[in-house]
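> coords please:
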Amino acid sequence: MNAAVPSRTFGSVSVAMVTPFHADGSVDVDTAQRLAVELVDAGCDGLVVNGTTGESSTTHQPEKDALVRAVVEAVGDRAMVVAGAGSNDTAHAVRIAKSAERTGAHGLLVVTPYYNRPSQAGVVTHIRTIADSTDLPVMLYDIPGRTGVAISDEALDQLAEHPLILAVKDATGDVPHGFERMARTGLEFYSGDDNLNFAWLAHGASGVVSVVGHLLAGAYAEMVAEVDDGDLVAARGVANRTRAVVNAIMGGGQGAVMVKEALHLQGRLPSPAVRLPLVRAAEDEIAALGAVLRQEGHL
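Modelled structure (predicted):
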């Protein structure tokens with residue numbers, strides 16, 4: 001292995017898993033297990049359960065626990081199973097984190113508190129409190145476009161001192177800034193934006209946490225391997241080859257909605273149901289998505 005390969009506590013290719021629902025809106029645990037196995041077989045070594053793509057804001061504690069338990073049961077130690085433990089209520093997030101640990105999660109994904117717009121001192125205290133509540137390794141999730149609050153450099157430096165805070169899922173869109181933060185903090189960085197996966201990897205990121213990995217886990221594993229081998233030309237070729245599918249799923253629609261539609265078109269998800277306030281894609285959006293998937297050999 002190349003000596004320059006970064007450390008990977010959370011694996012190299014993680015899929016931000018959808019939460020399958022039956023047509024009546026109830027959680028489809030059987031399909032979640034089947035999908036988890038498919039993804040690991042396809043090349044991913046990490047699964048994020050109950051994250052944003054898993055519609056964490058509209059699933060409830062017993063459902064979250066059932067999903068974590070089921071996915072861990074399905075894939076065992078073949079993949080790092082990371083449970084979302086995000087809330088804008090610190091006490092609630094702590095309850096989620098502790099429950100995830102009890103139900104077998106291997107790590108936690110902790111997003112900055114949204115809507116409240118706390119100070120950076122509040123952000124640091126919120127995240128530290130969650131990290132202190134379990135013995136699980138923590139990946140921070142920096143996505144200011146959704147939360148309204150970015151993690152400042154000073155706050156990140158403070159959080160990096162915590163022994164269980166080991167990584168950042170960066171969805172800021174600012175790769176050069178992340179490159180500096182990676183070097184300064186020693187934290188593992190993961191791409192949180194499928195359009196920037198190659199750019200992040202080329203800059204030394206440990207891996208990706210991907211929505212489109214539901215369809216492209218194998219391609220992303222290939223991309224990681226090429227970067228590890230120092231073959232950026234080959235890795236860029238993988239990025240070019242996957243661009244059409246990435247754009248079809250992430251280019252305009254809501255990622256969780258569109259990837260569910262893609263999985264449904266493939267026959268891998270019995271129902272593309274989502275929970276309000278999300279709604280299904282429009283017919284013309286589904287038709288356009290299907291056309292791209294057929295053209296790219298995914299149907």
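> strands along the stretch 101-250 of the chain, start to end?
All strands of the stretch 101-250 of the chain, identified by DSSP state E, counting those that start in this stretch, fall at 107-111, 138-142, 165-170, 188-191, 207-210.
> so what does the last one touch, helix or strand wise?
What that stands for is strand 207-210. Counting contacts by 3 or more C-beta pairs under 8 Å, 6 or more residues apart in numbering; DSSP states H and E, the secondary-structure elements packed against strand 207-210 are strand 13-16, strand 46-49, strand 188-191, helix 197-202, helix 213-228. Any C-beta I mention is one placed from the backbone N, CA and C, and that applies to glycine too.
> which one of these lies closest to Ala287?
Evaluated over the helices and strands packed on strand 207-210, closeness to Ala287 peaks at helix 213-228, with 17.5 Å, by C-beta to C-beta.
> now find how far off-centre the closest one is within its chain.
Here the centre of helix 213-228 is set off from its chain's centre by 15 Å, with C-alpha atoms, centre = their mean, to the nearest Å.
> need the winner for burial among the strands of the stretch 101-250 of the chain.
Of all these, strand 207-210 has the most neighbours on average by mean count of other C-beta atoms under 10 Å, namely a mean of 30.
> to Val75, which of the strands of the stretch 101-250 of the chain lies closest?
Go through these one by one with C-beta to C-beta and the one that ends up closest to Val75 is strand 107-111, at 13.7 Å.
> adjacent strands (with direction) for that closest one?
For strand 107-111, sheet partners with direction are given as strand 80-84 (parallel), strand 138-142 (parallel), following DSSP bridges.
> avg pLDDT for it?
Strand 107-111 comes out with an average pLDDT of 98.
> okay, now the unreliable bits of the chain?
Per-residue confidence of the chain (counting by pLDDT under 70) places the weak regions at 1-3.
> to Met80, which of the helices and strands packed on strand 207-210 lies closest?
When the helices and strands packed on strand 207-210 are compared for distance to Met80 using C-beta to C-beta, the nearest one is strand 46-49, at 4.4 Å.
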